[in-house]
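> 3D model of this:
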Amino acid sequence: MVLMATTGATRSWGDASLRLVVLASLSVLPGCRQVNPEFGLGLGSSGSEATTGLAQTSDTGDTGQGPCDPPLAACGGECVDTQINVVHCGACNQACTSSQVCFEGECVFDCPVGQLACGPRCVDPSSDPSHCGRCDFPCDAFCVEGQCADTCPSNAPTECGGTCVDLATDSNHCGECDEPCDEFRACVDSECVLECPEELEQCDGQCVETSTDEDHCGRCGDPCDAGEHCQDGTCTLECGGNNLVCGGECINPNSNEMHCGDCDQPCGAAQNCGGGECKCPGSQQECGITCIPSGETCER
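Sure thing, here's the model as predicted:
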């Protein structure tokens, strides 16, 4: 439904622009695109955890040919869809950069919904005077709802940096140009006011999650005692699984470097916590609470 609404609203922008807006819509639909493994999500080199229809194959070649059912191709021992795979975009071993996604076999910028990739940046074609309605379509004055205009309209009468805005409601220019509202605040009558999403509650002028907040556990103004943890809106001294309550938080003593093995047992700055023990990474050796290269003499 999101895809249909977005494409329909932008069909007059031309095929290239339409394709990029469709891509932006796909970014919010699970399973329609792949996440680039360079984003640091711990995916394998092929991004297979985010791949739709990925299958294993015994073919280890990178020719794009092999025992894969069309439209999949054999790349690096896996059957991948080169139309969406960010490591094999368009063909085997043609990787996209970390700021791009693969769409129809081409690497394109991953812009938010409603924006277009024009050159090296994402723009809003409804208001950008350099890309009004589509990429590289400049206006002499202003861009209003994707159309060039000589003056600002009555519903957005103020110019801020070449864009027409309503200072009474614009959260990026609230009351004055370049006066943005903070997170969870909306611009109402030229003032930033707190507006919490449905899943959060307004407590002491802040938006909080009462199911986990130690100061407002279950409801506003109901704090947990010292050492307790707020879990599912209830103050408790217990945590699920093998976790411990340390400093009012549930932690995993097997991997937490400030509470390694038990509460308040921090590891050294160069150490990692593994299996509840502080260890030096790789082949380095311990020297007190520091780590030194293997083979060096520990002088304490």
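> can you give me the helices in the stretch 1-150 of the chain?
2-9, 15-26 (DSSP state H, counting those that start in this stretch).
> pick out the shakiest of these, pLDDT-wise.
With a mean of 30, helix 2-9 has the lowest mean pLDDT of these.
> quick check: which ranges of this structure have low pLDDT?
1-66, 248, 300 (pLDDT under 70).
> do that again at 50, thanks
Residue ranges of the chain with pLDDT under 50: 1-65.
> residues contacting stretch 260-267, please?
244-247, 251, 253, 257-259, 273, 276-278, 289 (C-beta atoms under 8 Å, 6 or more residues apart in numbering). No exception for glycine: its C-beta is placed from N, CA and C like everyone else's.
> and for stretch 198-210?
184, 194, 196-197, 213, 215-221, 233.
> in helices, which of the residues you listed fall?
Applying DSSP state H to the contacts of stretch 198-210, no entry is found in helices.
> tell me which residues of stretch 266-285 are tucked away?
267, 271-273, 276, 278, 280, 284 (16 or more other C-beta atoms under 10 Å).
> and stretch 283-294, by the same measure?
In stretch 283-294, counting by 16+ other C-beta under 10 Å, buried: 284, 287, 291-292.
> centre of the chain to that stretch, how far?
36 Å (C-alpha atoms, centre = their mean, to the nearest Å).
> endpoints of it, how far apart?
End-to-end span of stretch 283-294 (C-alpha to C-alpha, to the nearest Å): 6 Å.
> contacts only, for the residue nearest to residue 83 when sequence neighbours are not counted.
Once flanking residues are discounted, residue 83 sits nearest to residue 105: 5.0 Å by C-beta to C-beta, 6 or more residues apart in numbering. With contact set as C-beta under 8 Å, 6+ apart, residue 105 has these partners: 82-83, 89-91.
> on that earlier part again, farthest-separated two in the buried residues of stretch 283-294?
Using C-beta to C-beta, the buried residues of stretch 283-294 reach their maximum pairwise distance at 284 and 287, which is 9.1 Å.
> picking up where we left off before, may I see the buried residues of stretch 266-285 organised as CSV, with secondary structure added?
As requested, the buried residues of stretch 266-285 are arranged in CSV below (DSSP: H, G, I helix; E, B strand; the rest coil):
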residue, secondary structure
267, coil
271, coil
272, strand
273, strand
276, coil
278, strand
280, coil
284, coil
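> pull the most distant pair out of those.
276 and 284 (19.4 Å).
> which among the buried residues of stretch 283-294 gets closest to residue 190?
Ranked by distance to residue 190 (C-beta to C-beta), these are led by residue 291 at 55.9 Å.
> burial count for the spatially closest residue to residue 176 that is not a sequence neighbour?
Nearest residue to residue 176 in three dimensions, chain neighbours excluded: residue 167, at 6.7 Å (C-beta to C-beta, 6+ apart). Neighbourhood size, residue 167 [other C-beta atoms under 10 Å]: 18.
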